[in-house]
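Engineer: sequence and predicted model, in that order:
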Amino acid sequence: MESVAKGDQRGASLPYIFTPHPVIGLAPEILDGFIVGSDPDTGKPVIEEIIDTLTKPVTGRESTPEPAKAKAAAAPQPLLEPDTEDNLQRLFYERGWTEGLPIILPTEERVKRMLAATSASPDDVVGEFFHMDVGEMVEYTVRHVAVVAVMAGARPEYFPVILAVASTGMSSLSPSTTAFASMLLVNGPIRNEIGMNSGLGAFSAVNQANSVIGRAWTLMSICWGYAEPKKTLWSSQGSPLTYNNMCVAENEERSVWTPFHVDKGFKADESAISIFHGWGMINSPGAASHRTLDEELSLEFGVIVPLHSAATIVIDPEIARDLKEDRGFATKQDYCKYLSENIKIPAGQYWKTDYIDMLVASEAYKGVEPYASWKKLPDDELIAPFHIPENINIVVVGGGVSPLWKATDYRHGVSVSVDKWRA
Amino acid sequence: MTTEPRYSVMSPETGIRRSKSKPPPFIREPMPSKPDFASRLDTLENKTIYMVDIGFGGGYNFMLQLEKWFNDNMPSVTTVVRRKPGMVFMDDQNELWEEAKEKGDAVVLGVAG
């Protein structure tokens, strides 16, 4: 953390004082020890530094290093020197371009085959991202994404989907100290054209397209610089979901409701990808024979409390059928409205969820409703945390073998077209 | 077997394509070359110190213990523990800063986690 604070030029001259980290959740006696103990950065007692900083001239910290622009200014070298397969695999990993699993080496021939799978020109700009090493926005082209697609093991027919993901500019990895995870959903005809799995075992490690497209997003994010420890990678535990980002197709054929991309304004015969981000997922252990699905979800969302009413619930087609045919929810939106009105948790449970306190309490203080009213309630008063039913996403995935679901606090980030990237 | 792979050309080693776009908002903020600090105090005796938690987890409890240290060891110091009212990651509210300027002599700002 010290290096981050001092490495940010905006705060370079501020008088920082550090305690050991982390601080959150520690007993008062331990915090007392931090106050009289030493600043791990300077070795001086923290309390003495606080008093000195308030009573002596401020000198700030040492000047911060400039971003590594010299490194970036090196002449491009599009091809590596020939070497053995083993050495090249190691080189890609050691340079921080992979997650460590073997890659398909991106030879010119393989990249060329990938590029043939799109109508876009190799030098067309797909997007841009902020590059931490050079401190500037950096563009990436179709060719750049093709290199990553090859590395991930993609067949050329997957490339339009991967380009669509790249076009969002959204990383699957997060620099947060928490354990963010992402989900990538594919809708429309391309699901079946490239053999994606939306049915039996759709989230399992059994389908090449699901596995590889999800992995390509992670490799892309790594190449964008989102996996440098103590620079852009801070999550204490990380998340195993980032290996392929829950990449899956929706089972539109067995769903009784509209496909997700149609909910987001696309035509049913268009292909689109949708991106979701969040922290928590509860993988349901089985049927809800003693409690209804709603009762189960009510318990689960008391644990993964919705932030700004956002959640993504992935349900088996059998559950969707039951909700429509037996319980009368004609549309997803009807069920979301029902959940919004009927899932309730105690106000105290809501506000004592750290990320709610951090990210929502400020809105309550500003008078934003319903948060301002919820903030005034006794801890045991029930609130309906899904106050915006439109922020609940329902996706139908699975083989209809058992009524499984996944409850997540994931919010929908964006949905974009795949078709514009097709050959 | 040898092979000639391409670089992952998104990496700095391979040369990059700089965009004309500005960095995202959290990067774009002006960087003060020399912040305008308040004058330092001669002593903390009989002064008022605002101890401000920005809202990141753990900060408020730390400030309570800092307040306790001053109560135990420098009782002439008046301490005011407050949570910054705005969004945790943004400097979007001025009321507390104005209050600290008017009623306080110094501020300790805490970032926890």
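Structural biologist: That came through fine.

Engineer: for the lengthiest helix in chain B, buried residues please.
Structural biologist: Longest helix of chain B, by residue count under DSSP state H: helix B:59-73. Neighbour counts using 16 or more other Cβ atoms under 10 Å in any protein chain shown place B:59-63, B:65-70 of helix B:59-73 among the buried residues. C-beta coordinates here come from the backbone N, C-alpha and C atoms, glycine included.

Engineer: which one of the residues you listed is nearest B:Y50?
Structural biologist: Nearest to B:Y50 out of those is B:M63 (Cβ to Cβ; 9.7 Å).

Engineer: packing partners of the longest helix of chain B?
Structural biologist: Secondary-structure packing of helix B:59-73 (3 or more Cβ pairs under 8 Å, 6 or more residues apart in numbering or on different chains; DSSP states H and E): helix A:28-36, strand B:48-53, strand B:78-83, strand B:106-110.

Engineer: ok, which of the ones you listed comes nearest A:V58?
Structural biologist: Closest approach to A:V58 among the helices and strands packed on helix B:59-73 is made by strand B:106-110 (11.6 Å; Cβ to Cβ).

Engineer: quick one: the closest one to chain centroid distance?
Structural biologist: 9 Å (Cα atoms, centre = their mean, to the nearest Å).

Engineer: now swap in stretch A:89-104 and tell me
Structural biologist: Taking mean C-alpha positions (Cα atoms, centre = their mean), stretch A:89-104 and its chain are 22 Å apart.

Engineer: mind listing what A:I345 touches?
Structural biologist: Residues near A:I345 by Cβ atoms under 8 Å, 6 or more residues apart in numbering or on different chains: A:298, A:301-302, A:305, A:382-383, A:385.

Engineer: quick check: angle from the longest helix of chain B to strand B:106-110?
Structural biologist: Computed with axes from the mean of the first three to the mean of the last three Cα atoms, to 10 degrees, the direction of helix B:59-73 lies at 140 degrees from that of strand B:106-110.

Engineer: so what pairs up with A:F276 in the strands?
Structural biologist: A:M183, A:H412 (DSSP bridges).

Engineer: now A:I190, nearest residue through space, not along the chain?
Structural biologist: Spatial nearest neighbour of A:I190, chain neighbours left out: A:S271 (3.8 Å); criterion: Cβ to Cβ, 6 or more residues apart in numbering or on different chains.

Engineer: wait, isn't the one you found in contact with A:R191?
Structural biologist: Yes - the pair A:S271 / A:R191 is scored as a contact, 7.4 Å apart, by Cβ atoms under 8 Å.

Engineer: write out the residues of the stretch 101-250 of chain A neighbouring chain B.
Structural biologist: Contact residues, the stretch 101-250 of chain A versus chain B (Cβ under 8 Å from any Cβ of the partner chain): A:105-108, A:111, A:125, A:128, A:130-131, A:133-141, A:143-144, A:147-148, A:151, A:177, A:220, A:223-224.

Engineer: cross those residues against strands and list the overlap.
Structural biologist: Mapping these onto strands (DSSP state E) picks out A:125, A:128, A:130-131, A:136-141.

Engineer: just the buried subset of the residues you listed, please.
Structural biologist: Using 16+ other Cβ under 10 Å as the burial test, those include A:128, A:130-131, A:136-141 as buried.

Engineer: could you export these as JSON lines, including pLDDT?
Structural biologist: JSON lines is the format used below for these (pLDDT from 0 to 100):
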{"residue": "A:E128", "pLDDT": "88"}
{"residue": "A:F130", "pLDDT": "81"}
{"residue": "A:H131", "pLDDT": "78"}
{"residue": "A:E136", "pLDDT": "78"}
{"residue": "A:M137", "pLDDT": "83"}
{"residue": "A:V138", "pLDDT": "84"}
{"residue": "A:E139", "pLDDT": "88"}
{"residue": "A:Y140", "pLDDT": "90"}
{"residue": "A:T141", "pLDDT": "91"}
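
Engineer: now, among those residues, which is nearest to A:I319?
Structural biologist: Nearest member of these to A:I319, counting by Cβ to Cβ, is A:Y140, at 39.6 Å.

Engineer: so that closest one touches A:D124, yeah?
Structural biologist: No - counting by Cβ under 8 Å, A:Y140 does not reach A:D124; the two are 10.3 Å apart.

Engineer: ramachandran angles for the closest residue to A:E325 other than its chain neighbours?
Structural biologist: In space, and not counting its chain neighbours, A:E325 is closest to A:V256: 7.2 Å by Cβ to Cβ, 6+ apart. The phi/psi pair for A:V256 (degrees, to the nearest 10) reads phi -90, psi 0.

Engineer: need the helix or strand of chain B with the lowest average pLDDT.
Structural biologist: Lowest mean confidence among the helices and strands of chain B (mean pLDDT, DSSP states H and E): helix B:25-28, at a mean of 56.

Engineer: so the closest residue to A:V360 other than its chain neighbours versus chain B, what's the distance?
Structural biologist: In this structure, A:V360 finds its nearest non-sequential neighbour in A:Y371, 5.6 Å apart by Cβ to Cβ, 6+ apart. Noted for A:Y371: a distance of 13 Å to chain B, by Cβ to the nearest Cβ, to the nearest Å.
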